[in-house]
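>>> how would this look folded up:
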Amino acid sequence: MDVIPLTMSSSSKFLQIPTTLTLTFKLSSSPNKPTNPSLLPNPSNPTLTLRLHQTHKPKNPIFHTPSKTHHHLHHTLFSTPPNSPAPPPDHQSEQFKAAQDALLEFLQEFGVSETEATFVSSNSPRYLRMLVDGVLELDELGLWRERERKEGRELVGFKEKVRYLAKEKGDNGKVAFLESVVGLSLSSAMNLARHLSAETLPRLVEKVKYVKKIFFSGSNDVGLIGKNARRMMMHLSIPIDEDLQQTLSFFEKIAARRGGLDMLGFGDATFRCLIESFPRLLLLSLDPHVAPILEYLENIGVPRERMTNIVLLYPPIIFCNIKVIKTRVLAFREVGVEDKDVGRMLVKYPWILSTSIQENFKEVLSFFDLEKVPKMSVGLAIKSWPHVLGCSTSLLKLMVDQLGELGIRNKKLGQVISRSPQLLIRKPVEFLQVVSFVEGLGFDKETVGIILGRCPEIFAASIERTLSKKLQFLASIGVSKVHLPRVIKKYPELLVSDTDRNLLPRMKYLMKKGLSRRDIAFMVHRFSPLLGYSIEEVLRPKLEFLINTMEKPVTDLVEYPRYFSYSLEKKIKPRYWVLKARNVECSLKDMLGKNDEQFAEEFMGVGSMLVPLPPSPRQ
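Alright, predicted model coming up:
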């Protein structure tokens with residue numbers, strides 16, 4: 001017998017059984033078992049059709065489960081004879097409605113508002129199903145009389161029986177609340193409800209609202225919290241304590257969901273994972289314990305709108321003793337980091353208050369003390385990039401040794417790590433790739449060390465995303481490979497300047513003032529820092545003085561772009577007014593390139609620089 005697959009269709013988004021299910025069998029003759037024509041409705045059409053009528057179509061959307069894995073049928077397809085009459089309408093939907101009403105009234109008995117009770121009773125399908133199934137099972141087994149004898153009265157109606165079972169559970173509505181509001185599974189909700197037995201339901205409602213408020217409201221960085229979580233985990237290489245282990249388990253639960261860690265801080269799914277990982281949150285005393293912690297964090301510089309970052313990236317902070325937190329904050333004063341600085345560090349790296357990081361902090365201080373690095377430099381590095389404290393000293397030593405190979409030691413090492421602490425947690429192989437890249441520009445090892453000491457940010461940057469693109473930019477404006485080593489050596493900061501926000505706008509500004517692309521390339525070749533100057537603070541005021549007051553053409557800058565390096569108030573203006581008073585015309589180089597004694601001797605006939613004082617205000 002060949003079977004044609006059964007097909008079903010549904011017009012509703014909710015689980016339902018179609019009105020008619022058609023199951024068709026194709027019967028074929030065989031030499032051994034001939035087909036009996038009497039079994040066929042039509043001997044000329046050897047098929048057998050079974051029609052099964054609808055027996056269940058729930059109308060209440062609370063029973064809808066989006067996941068296909070939860071869709072199931074409550075019928076045995078072959079249990080109804082093909083010619084039997086349709087069964088009477090199923091009353092199960094009425095039972096669930098009665099169960100909802102019973103639960104709504106039951107919750108209100110414990111002081112929950114009608115609005116909250118309505119929400120819970122409409123969004124706890126698993127709990128309701130458990131109660132309904134319980135009532136039906138007791139009906140089937142005939143055990144209600146025994147319950148009625150125990151109760152001392154007759155239990156009349158399905159609704160009253162549901163209320164009886166809900167009361168008998170002993171959780172006083174907490175399981176339904178935890179399923180509907182927190183989103184826990186029925187088993188997790190029942191387990192947590194046992195630990196919350198001392199809490200009243202209204203008090204539990206208030207706690208959930210409070211926890212949601214401090215964890216999921218007020219932050220403008222919701223999309224960045226997950227990014228920071230990944231960074232924190234990536235640079236953690238020390239043994240961890242129980243609090244950090246729980247935090248990582250919490251991250252793991254979030255990462256396993258759709259959207260991964262990018263969803264950290266978003267919605268109810270994160271809240272459910274949070275409560276599953278830290279059920280103690282609902283056991284805390286709010287005002288005497290949590291409020292002082294939040295107030296203290298705000299006092300040391302954590303903005304109220306950034307509090308969410310800290311408590312989501314390190315939930316155990318809520319369980320800490322306030323005295324312990326204060327002691328751990330004070331520990332950073334040893335390296336010159338004040339309390340307000342710790343507040344900013346916490347937003348970046350809240351794990352600094354964990355036991356593991358505090359212990360590693362001491363190890364890190366001892367390590368740099370042996371390396372003869374000033375404590376103040378270590379403090380600056382930690383304040384700027386606290387993730388360093390999650391790195392083991394054995395890994396720190398690998399990078400410190402690499403820096404030492406390029407002549408970066410002791411005090412100079414302190415200067416480098418205070419400017420670019422990210423270098424300390426870079427993989428040595430990645431660091432050496434940047435070293436090779438810089439050497440490939442035409443520099444020997446000694447010069448690479450000089451460049452490293454001057455601009456360590458280069459060696460913490462990405463070759464593909466940053467360094468190569470800067471070389472492409474310099475080539476695009478006309479800086480040749482021949483001149484590139486000189487340009488980079490004089491101003492290595494070019495390699496880490498932001499092209500879109502800094503270099504291009506400055507170049508366009510100079511072009512708008514009358515300089516060509518070729519002029520600017522020539523100027524950069526002669527004076528590399530040119531494009532490193534701010535438009536508003538340097539380029540604009542000095543250009544306007546050159547054009548409007550000195551009445552010189554902008555092309556004079558091509559021959560002497562170093563003009564922008566001099567102070568407008570302390571050097572350019574005083575020397576210009578001296579020359580104007582003597583009716584002397586000279587180039588920008590002659591005006592500014594000489595020291596004070598040379599200028600005074602050539603243009604004033606004296607051995608020292610005399611700068612005319614501004615006229616005294618009239619009395």
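
>>> which residues in the stretch 401-550 of the chain form strands?
Assignment of strands within the stretch 401-550 of the chain using DSSP state E, counting those that start in this stretch yields no ranges at all.

>>> in stretch 227-247, what's buried?
Applying a neighbour-count criterion of 16 or more other CB atoms under 10 Å, the buried positions in stretch 227-247 are 228-229, 232-233, 235-236, 238, 240-241, 243-244, 246-247. For the C-beta atoms, the positions are set from N, CA and C on the backbone; glycine is no exception.

>>> Also stretch 134-148?
By 16+ other CB under 10 Å, the buried positions in stretch 134-148 come out as 134, 135, 138, 144.

>>> now the end-to-end length of it.
Between the opening and closing residues of stretch 134-148 lies a distance of 15 Å (CA to CA, to the nearest Å).

>>> what mean pLDDT does it have?
pLDDT averaged over stretch 134-148 equals 85, rounded to a whole number.

>>> any residues touching that stretch, and which ones?
Outside stretch 134-148, the residues within contact range by CB atoms under 8 Å, 6 or more residues apart in numbering are 95, 154, 155, 158, 161, 162, 164, 165.

>>> what's the answer for stretch 233-249, then?
Contacts with stretch 233-249, where a contact means CB under 8 Å, 6+ apart, come from 251, 277-278, 313-316, 319, 351, 354-357, 360, 387-388, 390-392, 395, 425.

>>> picking up where we left off before, just the buried ones among the contacts of stretch 134-148, please.
Once neighbours are counted (16+ other CB under 10 Å), the buried part of the contacts of stretch 134-148 comes down to 95, 155, 158, 161, 162, 164, 165.

>>> Now the two most distant members of the contacts of stretch 134-148.
In those, two members sit farther apart than any others by CB to CB. They are 95 and 154, at 19.4 Å.

>>> ranges for the helices of the stretch 201-350 of the chain?
Counting by DSSP state H, counting those that start in this stretch, one finds helices in the stretch 201-350 of the chain at the ranges 201-216, 222-234, 242-255, 267-277, 291-299, 307-313, 322-330, 339-348.

>>> coming back round to it: mind putting the buried residues of stretch 227-247 in a markdown table, pLDDT included?
Converted to a markdown table, the buried residues of stretch 227-247 look like this (pLDDT from 0 to 100):
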| residue | pLDDT |
| --- | --- |
| 228 | 92 |
| 229 | 94 |
| 232 | 95 |
| 233 | 95 |
| 235 | 93 |
| 236 | 96 |
| 238 | 96 |
| 240 | 96 |
| 241 | 96 |
| 243 | 96 |
| 244 | 97 |
| 246 | 96 |
| 247 | 96 |
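
>>> Pick the one among those residues closest to residue 420.
In terms of CB to CB, no member of those lies closer to residue 420 than residue 235, at 14.8 Å.

>>> Quick check on that closest one: phi, psi?
Residue 235 has phi and psi values of phi -100, psi 20 when expressed as degrees, to the nearest 10.

>>> just for the stretch 251-400 of the chain, where's the confidence low?
By pLDDT under 70, the low-scoring segments of the stretch 251-400 of the chain are 267.

>>> make it 80
The model of the stretch 251-400 of the chain has pLDDT under 80 over residues 265-269, 286-288.

>>> Narrow the contacts of stretch 134-148 to those in helices?
95, 158, 161, 162, 164, 165 (DSSP state H).

>>> can you put those residues in TSV and add pLDDT and distance to residue 416?
What follows is the ones in helices among the contacts of stretch 134-148, written out as TSV (pLDDT from 0 to 100; distance: CB to CB, whole Å):
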residue	pLDDT	distance to residue 416
95	89	73
158	90	77
161	88	76
162	92	71
164	88	74
165	91	70
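
>>> okay if I get those residues as JSON lines plus distance to residue 201?
As requested, the ones in helices among the contacts of stretch 134-148 are arranged in JSON lines below (distance: CB to CB, whole Å):
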{"residue": "95", "distance to residue 201": "24"}
{"residue": "158", "distance to residue 201": "24"}
{"residue": "161", "distance to residue 201": "22"}
{"residue": "162", "distance to residue 201": "18"}
{"residue": "164", "distance to residue 201": "18"}
{"residue": "165", "distance to residue 201": "17"}
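
>>> Pick the one among the residues you listed closest to residue 209.
residue 162 (27.4 Å).

>>> and the closest residue to the closest one other than its chain neighbours, what element?
Setting aside the residues directly before and after it, residue 162 is nearest to residue 102 in space (CB to CB, 6 or more residues apart in numbering), at 4.0 Å. Assigned by DSSP states H and E, residue 102 falls within helix 92-108.

>>> which helices and strands sit right next to the following helix or strand past that helix?
The first helix or strand that comes after helix 92-108 along the chain, using DSSP H and E, is helix 114-122. For helix 114-122, the helices and strands in contact under the criterion 3 or more CB pairs under 8 Å, 6 or more residues apart in numbering; DSSP states H and E are helix 92-108, helix 174-177.
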